[in-house]
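Engineer: take a look and give me a structure for this.
(2 chains)
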There are 2 protein chains.
Amino acid sequence: VLTPFEADHAPAPDRFVRHCRWLLDQDVGLAVFGTNSEGNSLAVGEKRQLLDVLLEAGLPASRMMPGTGACALPDTIELTRHAVRAGCGGVLMLPPFYYKGVTDEGLYRAFASVIDAVADARLRVYLYHIPQVSNVPIGLELIDRLLSRYPGIVAGVKDSSGDWSNTAAMLERFAPRGFDVFAGSENFLLANLRGGGVGCITATGNVNPGPIVRLYRQWRQADAEAQQAALDATRAAFAKFPMIAAMKAAIAWKTGNAAWCNVRAPLVELDGAQRAALQAALEAVGFELPDAAALA
Amino acid sequence: VLTPFEADHAPAPDRFVRHCRWLLDQDVGLAVFGTNSEGNSLAVGEKRQLLDVLLEAGLPASRMMPGTGACALPDTIELTRHAVRAGCGGVLMLPPFYYKGVTDEGLYRAFASVIDAVADARLRVYLYHIPQVSNVPIGLELIDRLLSRYPGIVAGVKDSSGDWSNTAAMLERFAPRGFDVFAGSENFLLANLRGGGVGCITATGNVNPGPIVRLYRQWRQADAEAQQAALDATRAAFAKFPMIAAMKAAIAWKTGNAAWCNVRAPLVELDGAQRAALQAALEAVGFELPDAAALA
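Structural biologist: From the prediction side, this is the model:
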């Protein structure tokens, strides 16, 4: 879930609620505070407040999977505890990602210490494997060890590696044990569902939710591959640009609210030429943002 | 400055004060909350408290350069403001390091927004270039732009790249403008001083401060290269192992206090075989920890 900001880069809570409500109306769940949320550009206190804003607005916690993994385990514990007590359906947990080349033993201890500290049977941890950003991969042996020690609690993974062979290995090895494998983008949605996965958690869910949900519902139908191809074309149009800024620019364009372009440093909004090129690329694939007025 | 932990991985404030006082007695300044401090494994609140503990113990803020750079700019601003108001001699600032492949424009905005938010003429920012860990380099053009916009405030750099050609380029381009170039390890101390740099900020300052300070004081003497070679040999003995755990194990060995071995996940302490190998390697280079009882 994208995080809208004001011109001064403070979060825009009302717009955040509207965006989340719109996503739920499109039948999409809410992975707030992930990579595409600029989640790691938000302080722990900001994330707690934004989660509370959603809850106070009456949005269902069961549909939320906030990102809670931080470099410092006390932060991960605080956010995870807050999410569980709020009734969130799960949490998406990065490994501590400052130190590189760490051991599986160290990562095991990190995840285990969070689970032990939160100590709540309602906790559902979805491991967040995004090595091209975190530079700290979550390997198969580590997952096996965590799943064996914390069955039910360690509930699944988001594989954002972009490496289908890795997703396939996760499916083969862990899906039979009730472990939920989410593809990290809709490019692999059909393959993941065919392989026993449960769906995808994807940036472009923010801007192209309808067609993604349709394939999720209809993946056994004859036109599934054509649907997948259409999803890929739309994603490719966004992926020509820095994705987060591009998605925000698309929403700003379709809603007429330029404030949607705001990103927090170190990210940078698209410039005018990029916005024009993005609009052309999106028009070429027939992109639409339904009910955009609800997002403005 | 290493951060000592208790068995439950909470910081050990009394031991932290003793270690910092010992370092000052060795004529070494205090770069607390850096990489080797496990600084990014500490929450913002923990860092604020530990800094306050040092100040309440009467240690001079002017000798402190806390690490304040975090992924989320509100955290960087909070820690930097706290350090400046406490009178710290400077702050060591990582770029926001979650997002990779970001632009110089985005990094410029990040640093500028912190400086503008802190808005204090006493602020001295030392940029922290450690691309092999942060994966977000601070390039020469970015430094030039920041130094031109914030002369006096943007005060220097710690170059931990291990790439002497990069340090040499920083020296050539920025030292004449009063910009302090610190080498990121004592391996480059002599070269850096000869090139117009101001010293080094180094992990092994924690365990080998006396000989490092001696070369800093005596670098124009005839035996400077022999002194450098001795520093390199001691560092190499530590560098055979994960450095942070190895330095802590060495202090635990020399003080007899096993609690010094504690690290916070995702790091892992040395095992028995590693500790024995480390001790043999350190004995082979004549390693000593003077006045170790003060550290226990």
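Engineer: flag every residue of chain A that's near chain B.
Structural biologist: Listed as neighbours of chain B in chain A under the rule CB under 8 Å from any CB of the partner chain: A:9, A:35, A:40-46, A:71-75, A:78, A:95-100, A:102-103, A:105-107, A:109-110, A:113, A:132-136, A:264-268. Placement of C-beta: from N, CA and C, glycine included.
Engineer: can you get me a residue count around A:I244?
Structural biologist: Applying other CB atoms under 10 Å in any protein chain shown, we find 23 residues neighbouring A:I244.
Engineer: I'd say it and A:G39 touch.
Structural biologist: No: counting by CB atoms under 8 Å, A:I244 stays clear of A:G39, with 10.8 Å between them.
Engineer: would you map the strands across the stretch 101-250 of chain A?
Structural biologist: A:125-129, A:154-159, A:180-183, A:199-200 (DSSP state E, counting those that start in this stretch).
Engineer: so which of these is the most packed in?
Structural biologist: Compared across these, strand A:154-159 shows the largest average neighbour count, a mean of 26 (mean count of other CB atoms under 10 Å in any protein chain shown).
Engineer: show residues contacting stretch A:168-184.
Structural biologist: With CB atoms under 8 Å, 6 or more residues apart in numbering or on different chains as the test, stretch A:168-184 has contacts from A:126, A:129-130, A:140, A:143-144, A:147, A:151, A:154-162, A:167, A:189, A:191-192, A:195-202.
Engineer: as a check, name the ranges of all helices in the stretch 151-296 of chain A.
Structural biologist: Listed in chain order, the helices of the stretch 151-296 of chain A (DSSP state H, counting those that start in this stretch) span A:164-174, A:189-194, A:209-218, A:224-239, A:243-255, A:272-284.
Engineer: with mean pLDDT and distance to B:L23 as extra columns, can I get those in CSV?
Structural biologist: Converted to CSV, these look like this (pLDDT from 0 to 100; distance: least, CB to CB, whole Å):
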stretch, mean pLDDT, distance to B:L23
helix A:164-174, 98, 45
helix A:189-194, 98, 53
helix A:209-218, 98, 55
helix A:224-239, 98, 49
helix A:243-255, 98, 42
helix A:272-284, 98, 49
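Engineer: would you reformat these as TSV and include distance to B:R235?
Structural biologist: What follows is those, written out as TSV (distance: least, CB to CB, whole Å):
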stretch	distance to B:R235
helix A:164-174	37
helix A:189-194	48
helix A:209-218	53
helix A:224-239	44
helix A:243-255	41
helix A:272-284	47
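Engineer: can you show me the helices along the stretch 1-150 of chain A?
Structural biologist: A:13-25, A:44-56, A:73-85, A:104-118, A:131-134, A:140-149.
Engineer: and the angle from the first one to helix A:44-56?
Structural biologist: By that I understand helix A:13-25. Angle of helix A:13-25 versus helix A:44-56, following axes from the mean of the first three to the mean of the last three CA atoms, to 10 degrees, is 60 degrees.
Engineer: may I see the buried residues of helix A:13-25?
Structural biologist: Residues of helix A:13-25 classed as buried: A:13, A:15-24 (neighbour count, 16 or more other CB atoms under 10 Å in any protein chain shown).
Engineer: what does the shortest one give?
Structural biologist: Neighbour counts over helix A:131-134 (16+ other CB under 10 Å) mark A:131, A:133-134 as buried.
Engineer: what of the fourth one?
Structural biologist: Using 16+ other CB under 10 Å as the test for burial, helix A:104-118 gives A:104, A:106-115, A:118.
Engineer: ok now it, how far from the chain's centre?
Structural biologist: Computed by CA atoms, centre = their mean, to the nearest Å, the chain-centroid distance of helix A:104-118 equals 22 Å.
Engineer: what does stretch A:281-296 give?
Structural biologist: 20 Å.
Engineer: hey, C-alpha coordinates of that stretch in PDB?
Structural biologist: What follows is stretch A:281-296, C-alpha atoms only, in PDB (Å, rounded to 0.1, in the frame of the first residue of the first chain):
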ATOM      1  CA  ALA A 281       2.900   4.100 -21.800                       C
ATOM      2  CA  LEU A 282      -0.100   3.600 -19.700                       C
ATOM      3  CA  GLU A 283      -2.500   4.800 -22.400                       C
ATOM      4  CA  ALA A 284      -0.900   2.400 -24.800                       C
ATOM      5  CA  VAL A 285      -1.900  -0.500 -22.500                       C
ATOM      6  CA  GLY A 286      -5.400   0.800 -21.900                       C
ATOM      7  CA  PHE A 287      -4.700   1.600 -18.200                       C
ATOM      8  CA  GLU A 288      -7.700   2.700 -16.100                       C
ATOM      9  CA  LEU A 289      -8.100   3.700 -12.500                       C
ATOM     10  CA  PRO A 290     -11.700   2.900 -11.600                       C
ATOM     11  CA  ASP A 291     -13.500   5.200  -9.200                       C
ATOM     12  CA  ALA A 292     -10.500   7.500  -9.100                       C
ATOM     13  CA  ALA A 293     -12.500  10.200  -7.400                       C
ATOM     14  CA  ALA A 294     -12.600   8.100  -4.200                       C
ATOM     15  CA  LEU A 295      -8.800   8.400  -4.000                       C
ATOM     16  CA  ALA A 296      -8.300  12.100  -4.600                       C
END
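Engineer: run through who's touching it.
Structural biologist: A:15, A:18-19, A:21-22, A:25-26, A:207-208, A:210, A:230, A:233-234, A:236-238, A:240, A:250-251, A:254-257, A:260.
Engineer: again, only this time at 6 Å
Structural biologist: The contact list for stretch A:281-296, computed with CB atoms under 6 Å, 6 or more residues apart in numbering or on different chains, reads A:18-19, A:22, A:233-234, A:237, A:240, A:254-255, A:257.
Engineer: by neighbour count, which of those wins?
Structural biologist: A:A237 (24 neighbours).
Engineer: setting aside sequence neighbours, what's the nearest residue to that residue?
Structural biologist: Take A:A237 and drop its neighbours on the chain: the residue closest to it by CB to CB, 6 or more residues apart in numbering or on different chains is A:A281, 4.0 Å away.
Engineer: can you count the residues close to the one you found?
Structural biologist: A:A281 has 20 neighbouring residues, counting by other CB under 10 Å.
Engineer: could you measure from it over to A:A258?
Structural biologist: 20 Å (CB to CB, to the nearest Å).
Engineer: what does A:A57 give?
Structural biologist: For A:A57 relative to A:A258 (CB to CB), the value is 24 Å.
Engineer: same deal with A:I153?
Structural biologist: In terms of CB to CB, A:I153 sits 43 Å off from A:A258.
Engineer: more neighbours, those two?
Structural biologist: Taking neighbours as other CB under 10 Å, A:I153 and A:A258 compare with A:I153 leading, 17 against 12.
Engineer: all set, thanks.
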